[in-house]
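Asker: no sequence for this one, just the structure:
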């Protein structure tokens, strides 16, 4: 009889996220993963039926984790300024604490697992974000605009800062370290750009 | 609640045609709840969820279809 060993499951998950984050999906395989996680291939098969099952399960778990972290302390009825700032703080905290997880998603983004990953961004998340924007439009805080325009202004600047931070440098090799002060300064510019 | 036994084997069930052949036997085996074969893995791993520890029975069934089947140890 084999019992579920949570430490082993955790080791498998962590090693899988690490491997995909650094090497992508092409060279990913159960045998390599087993070596990296310090378990036997048979152990991995106890928990997952194949590579696809493993990557799908991990994407779903990570997606749920990301969604929960992003919605922490957030209320779609908040004022635009307050709500967007909560979003920035949550997203920054999650991305900085879960650097590997973000890279894992980035690798999946260009793969056939993309759809499964998108399914994990659940209705609750979409509804919250949608209602937040609708409320801000109704209150006359922001103009109605295509989603892509909104996202590119509202969130892409934050992800640029996080990318600079993860790479340790920004433009022309300038050293860069993320800070709350830099985030706030960028946020204020974004707010000016979006609000009426 | 009945306990599920997860049994893991290394095989040479190489392709969908091979899988179809063993399916004719495994699908009829009452102790097997679910089974899958990872055709992408070098070990062509057969994973069986069974209601009893029927390791030898499964090896015998797969061998009877003229395929190799060895339990993969932890």
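Answerer: Ah, there it is. In this text, all values refer to a predicted model and were calculated from it rather than measured experimentally.

Asker: For the rest of this, base every contact and every neighbour count on C-alpha atoms.
Answerer: Will do.

Asker: pLDDT below threshold where in the chain?
Answerer: Since you didn't name a chain, this refers to chain A. Counting by pLDDT under 70, chain A has low-confidence residues at A:1-3, A:114, A:116-117, A:120.

Asker: not quite, I wanted chain B
Answerer: Applying pLDDT under 70 to chain B flags residues B:1-2.

Asker: tell me which parts of it are close to chain A?
Answerer: Within reach of chain A by C-alpha under 8 Å from any C-alpha of the partner chain, chain B has these residues: B:5-9, B:36-38, B:41, B:45, B:47, B:53, B:72-74.

Asker: Tell me which two in these are the farthest apart.
Answerer: Of all pairs drawn from these, the greatest distance, 24.0 Å, lies between B:41 and B:53 (C-alpha to C-alpha).

Asker: roughly how far apart are the residue nearest to residue A:183 when sequence neighbours are not counted and residue A:97?
Answerer: Once its chain neighbours are removed from consideration, residue A:183 has its nearest residue in residue A:158; the separation is 7.2 Å (C-alpha to C-alpha, 6 or more residues apart in numbering or on different chains). Between residue A:158 and residue A:97 the computed distance is 15 Å (C-alpha to C-alpha, to the nearest Å).

Asker: Tell me which of these two has more neighbours.
Answerer: More neighbours surround residue A:158 than the other of residue A:158 and residue A:97, with 21 against 11 (other C-alpha atoms under 10 Å in any protein chain shown).

Asker: Now the residue nearest to residue A:183: which helix or strand?
Answerer: Take DSSP states H and E as the rule and residue A:158 turns out to sit in helix A:156-167.

Asker: helices or strands up against that helix?
Answerer: In terms of contacts (3 or more C-alpha pairs under 8 Å, 6 or more residues apart in numbering or on different chains; DSSP states H and E), helix A:156-167 is packed against helix A:80-97, helix A:180-194.

Asker: Next SSE downstream of the first one?
Answerer: Along the chain past helix A:80-97, the next helix or strand (assigned with DSSP H and E) turns out to be helix A:99-109.

Asker: okay, now residue A:133: neighbour count?
Answerer: Here the neighbour count serves as a burial measure; for residue A:133 (other C-alpha under 10 Å) it reads 24.

Asker: which stretches of chain B form strands?
Answerer: Taking DSSP state E, the strands of chain B run over residues B:5-11, B:32-38, B:45-50, B:69-71.

Asker: would a markdown table of those with mean neighbour count be doable?
Answerer: Written out in a markdown table, the entries for these read as follows (neighbours: other C-alpha atoms under 10 Å in any protein chain shown):
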| stretch | mean neighbour count |
| --- | --- |
| strand B:5-11 | 23 |
| strand B:32-38 | 18 |
| strand B:45-50 | 24 |
| strand B:69-71 | 19 |
